[in-house]
Every structure is written in C-alpha cells, then in structure tokens.
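Enquirer: sequence unknown, structure follows:
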C-alpha cells in the first residue's frame, strides 16, 4: 500500500462525520484484516450459530448453512469498505446522496437502534463472563465494561485498530487451543453428520440469520477505512475486509453450533464455554471467558464509535453542527448511557430473543445496502461531490426520493417472506414451510428499482462539480471547518 499520507492523527481523535483530508490519511491496508477478524471473532457471534440446531437441524447442515450465509453476507459488507478511502467519510453519512440530507434520517434511526441493541447484548455477555470468573456481580461489571469501551471509543480510530490487532494475535492462541480441544473432547448426538437429514426450514433460518449478521456490519465498514490513502485499490480493500470478517465469523459461529450440538437443551453461552474449556484442562474455561470479555469490550467500543457517528449525522441533518471533540464526547457519553440503561433493564427474555433481533436487522438493512452499493458501484461509480454531502441546499437535496422509494418498495416486497420466530410469519414464508427467503427478494428489487429510477442522473455534472470543489474541500478540512 502506498504511504502517500503526509500527516497523521495523534492523541484523541477530533474528526467524526467530516471529510478526512489527504494530509491526514495514514495506516496500512492489511490492518483491515485483523480489525474485521476480531470484530467478528467474539462470543456474541456464537449466538448466530445456534438457529439451525435449536430449530431441529442437524450439525452438518448447520455448518454448511453457516459457511454459505457468511460467504454471501460478507460479500455485500466488504464492498462498502472501499468507499472509505475513496470518499474519506464514515459509512452512514454516505447515505445522503441516495436518501437526501434529511431523508437519510430514515436509515440512521435504524442504524442507531442496531448499535444500541448489539451493545446491550455484548455488555451483558461481557459482564456475565467477568462475573463467572472474577465474581462481583453482573451489574457492576456492566458499568465497568461500558466505561472502558467508552474510553477506547473516545480515543478513537487508531487505538481501535491497534487494540483489534493485539487481540487477534492473542485470540489465535487462546481460541486455537479451545477449538482443538472441542474437536477432540466433545461428543455429538447420533445423526449429527447425516447428509440425508436435510431440513429446509432450519437450514434457511440459519443461512438467513448468518447472512443478516454479516450484512449488519455494512453500516460500520467505511468508519474504519476512511483514513487510508485513496490510492488503495478496491480489490485489495475488499479482500482484506472480506476474509478478515468471514474467517472470524465462521470460526465463532461454527464453535456456537458445535457447543449447541454437544450441550443440547442445556446450552447457555457462558456456562457452556466454561464447561467446554475445562474439558481441555482445569481452569482453561476461565481463561477463555476472560479473553472473551476483552473481545466483547472491543466490539462494544466499535458500537459506541459508530453510534456516535450516526447520532452526529442525525443531529446535523436537523441543525448543522461543527464536528468537534466536544460533540464526539457528548454523543459517545449519550450512547454509553443508553447502553448501560438498556443492559441493566434487559431481561432474560431479551437475550432469548436476540436471534429475532438479528433477523429484524437483516430486514432493515437489506434494502439500504442494495441502494447504497448500486449507487456507488453502478450509478455514480464512486464519483461524489463530497462537499455537497454537507450542504443542506446542495445537489443531493433534502429528500432523495429515488433512494427512499427503492428502500420502501424493497422492504415491502420482503414482508410476505418474513419468518421471525413466533413474532410474525408472512404468507409466503408459511407456504414455504416457515423458510425465510426475504433476502433474495429485497436485494434485487431495491437495487434494480434504484438503478431504473436514477437513469436520468447527470453523473458527469456531479463529477465536474466535485473537481471544482476539491481544493476548497481539502483546505476547509485541514482547517477543521465546513467546506
């Protein structure tokens, strides 16, 4: 990777939703690999691998559904990664060209709900792991986890990257031993590897949740690539993101499936990990849980960081704000407070319904990722007037009806195919025996409709405007003011 950047960010990060000027671009492309590996390689991801087993599927088809869902879902997520270096912007602010200066609030609301939901789940898991090993009560540990994650998120981009690299190296040792131990010591029910015991409903349920989980990372991706120099290639950016996320996800989801098949009805994330670890050698379960807590703290920091960016974007759409350090601190503190309140108020019922939450996330972001990727790679081909993204009266308008209509239509046609446990099963899903194929409906409908509605866009005029505004954009960003 070219190290074309002249300057480097140091200390506490000041930038948030604003454009990163070329003289502050830094970092190495390969850093994306461990960041996305470790973001997925934490025990909250275990829960994603339980659907097929708990739904009556056998082990081998559960494993195949996990691999297939990861291969597909990560494909869309990783393509967002290349947007960061090219635009120098975090992920969700990039929705303005498709949805409008105000219209993007639609997807930002859903994104913030996702950040909050994952943070509640992650902080409870981390606190439970720490209480199991160090004792002291779950609630005090929830607070401690949140405070540490808040500090990491406040320091920002560089420390998040560094922490994930360090945790990746330790993970390979700790979970490498844990995984080998599971494969050698655990025993599974009869028929676990019978290829003839295929069932559509649990297979598609597992496939859909896995794909949705991977796609749900799409709202984070450019946040962690936007400081890279713009001369990095789309292909290499895609590869480092894709393989990092896919390998981390498959590893942990497969562990979840193996543990669930072994423990059966007695499976519970923390106690099952502890028991399985102790089968390797006495006390190893506690070591695994302590390291797992560190991984959960790091991903909680990612959620706070992304939640802060989304919240600043939303506020800026209503009332323009200068993205200063004080604004970052305020939005991070609010996001952390909501995480603590949610975690302390959460019940076992919430944790049991986490898989339904994952499906809802899938439904909400399938149309968005389709619209965003179609716009970036096909309609505008990566050419945006970045300064106009921050102009409420700019060329992208206040309401981007092309994107809003494509999103709503894509979501609407998915509804009959929804299958969300006991909450809702659409008529099409019922006809398919409860199988959920909404992913395959919403993606092409939203993408193709957006392409059709935007055929008359004057993309070349946008490119000319971008070139005309480029020098002022760089100058304003270097002075930390609006272009």
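Expert: In hand now; what should we look at? Treat the numbers as computed from the prediction; the structure is a model and nothing was measured.
Enquirer: check which helix or strand covers the residue sitting furthest away from the middle of the chain.
Expert: Distance from the C-alpha centroid of the chain, by C-alpha atoms, centre = their mean, peaks at residue 190 (35.9 Å). Under DSSP states H and E, no helix or strand contains residue 190.
Enquirer: contacting residues for it?
Expert: By C-beta atoms under 8 Å, 6 or more residues apart in numbering, no residues touch residue 190. Using the backbone N, CA and C atoms, a C-beta is placed for each residue, glycine as well.
Enquirer: phi, psi of it?
Expert: Backbone torsions for residue 190, taken as degrees, to the nearest 10, come to phi -60, psi 140.
Enquirer: how much space separates it from residue 53?
Expert: Distance from residue 190 to residue 53, counting by C-beta to C-beta, to the nearest Å: 14 Å.
Enquirer: other residues contacting stretch 467-478?
Expert: Outside stretch 467-478, the residues within contact range by C-beta under 8 Å, 6+ apart are 18-24, 88, 385-388, 482-483.
Enquirer: how far does it sit from the chain's center?
Expert: Mean-position distance between stretch 467-478 and its chain equals 31 Å (C-alpha atoms, centre = their mean, to the nearest Å).
Enquirer: residue 463: how many residues sit nearby?
Expert: For residue 463, the count of nearby residues is 16 (other C-beta atoms under 10 Å).
Enquirer: and for residue 393?
Expert: Neighbour count for residue 393, taken as other C-beta under 10 Å: 9.
Enquirer: three-state assignment of it?
Expert: coil (DSSP: H, G, I helix; E, B strand; the rest coil).
Enquirer: ditto for residue 320
Expert: Assignment for residue 320 (three-state DSSP): coil.
Enquirer: give the contact list for the closest residue to it other than its chain neighbours.
Expert: Excluding the flanking residues, the one nearest residue 320 by C-beta to C-beta, 6 or more residues apart in numbering is residue 392, at 7.1 Å. Applying C-beta under 8 Å, 6+ apart to residue 392 gives the contacts 101-102, 320, 398.
Enquirer: follow-up on the earlier one: show the buried residues in the contacts of stretch 467-478.
Expert: Buried by 16 or more other C-beta atoms under 10 Å: 18-22, 24, 88, 385-388, 482-483, out of those.
Enquirer: quick one, phi psi at the residue nearest to residue 320?
Expert: phi -60, psi -20.
Enquirer: so where's the stretch 351-483 of the chain uncertain?
Expert: 351-355, 358 (pLDDT under 70).
Enquirer: ranges for the strands of it?
Expert: Per DSSP state E, counting those that start in this stretch, the stretch 351-483 of the chain carries strands over the ranges 419-420, 424-425.
Enquirer: any weak-confidence spans in the chain?
Expert: Checking the chain against pLDDT under 70 turns up 1-10, 265, 347-355, 358.
Enquirer: report the contact partners of the residue nearest to the spatial centre of it.
Expert: For the chain, the residue sitting closest to the mean C-alpha position, by C-alpha atoms, centre = their mean, is residue 217 at 2.0 Å. Listed by C-beta under 8 Å, 6+ apart, the contact set of residue 217 reads 36, 39-40, 77, 245.
Enquirer: can you put those in TSV and add distance to residue 154?
Expert: Listed next are the contacts of residue 217 as TSV, based on distance: C-beta to C-beta, whole Å:
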residue	distance to residue 154
36	22
39	18
40	23
77	26
245	25
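Enquirer: now flag whichever of those residues is closest to residue 254.
Expert: residue 40 (11.9 Å; C-beta to C-beta).
Enquirer: wouldn't that closest one be in contact with residue 248 here?
Expert: Yes: using C-beta atoms under 8 Å, residue 40 is in contact with residue 248, at 3.4 Å.
Enquirer: list the contacts of stretch 142-158.
Expert: If you take C-beta under 8 Å, 6+ apart as the criterion, stretch 142-158 is touched by 9-13, 27, 123-124, 126-127, 130, 159-160, 163, 223-224, 227, 293, 296-298, 300-302, 304-305, 308, 328-329, 332-333, 336, 339-340, 343-344.
Enquirer: inside helices: which ones of those?
Expert: Per DSSP state H, helices hold the following members of the contacts of stretch 142-158: 123-124, 126-127, 130, 159-160, 163, 293, 296-298, 300-302, 304-305, 308, 328-329, 332-333, 336, 339-340, 343-344.
Enquirer: among those residues, the buried ones, what's the ChimeraX command?
Expert: Only the buried entries of the ones in helices among the contacts of stretch 142-158 go into this ChimeraX selection, using 16+ other C-beta under 10 Å:
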select :123,124,126,127,130,159,160,163,293,296,297,298,300,301,302,304,305,308,328,332,336,339,340,343
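Enquirer: residues contacting residue 96?
Expert: Contacts of residue 96 (C-beta under 8 Å, 6+ apart): 104, 389, 396, 400.
Enquirer: the third one contacts residue 93, doesn't it?
Expert: In this case it means residue 396. No: with contact defined as C-beta under 8 Å, residue 396 and residue 93 do not form a contacting pair (11.3 Å).
Enquirer: higher neighbour count, those two?
Expert: More neighbours surround residue 93 than the other of residue 396 and residue 93, with 27 against 24 (other C-beta under 10 Å).
Enquirer: how about the contacts made by the more buried one?
Expert: Residue 93 touches 17, 104, 309, 313, 389, counting by C-beta under 8 Å, 6+ apart.
Enquirer: okay, these in CSV with neighbour count and distance to residue 202 next?
Expert: Shown next, in CSV, are those (neighbours: other C-beta atoms under 10 Å; distance: C-beta to C-beta, whole Å):
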residue, neighbour count, distance to residue 202
17, 24, 41
104, 29, 37
309, 31, 37
313, 27, 38
389, 22, 43
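Enquirer: which two among those are spaced furthest apart?
Expert: Farthest-apart pair in those is 309 and 389; separation 13.7 Å (C-beta to C-beta).
Enquirer: hmm, back to that, go through the contacts of residue 93 and say which is closest to residue 44.
Expert: Of all the contacts of residue 93, residue 309 has the smallest distance to residue 44: 20.8 Å, by C-beta to C-beta.
Enquirer: mind listing what the closest one touches?
Expert: Shown in contact with residue 309 (C-beta under 8 Å, 6+ apart): 16-17, 90-93, 223.
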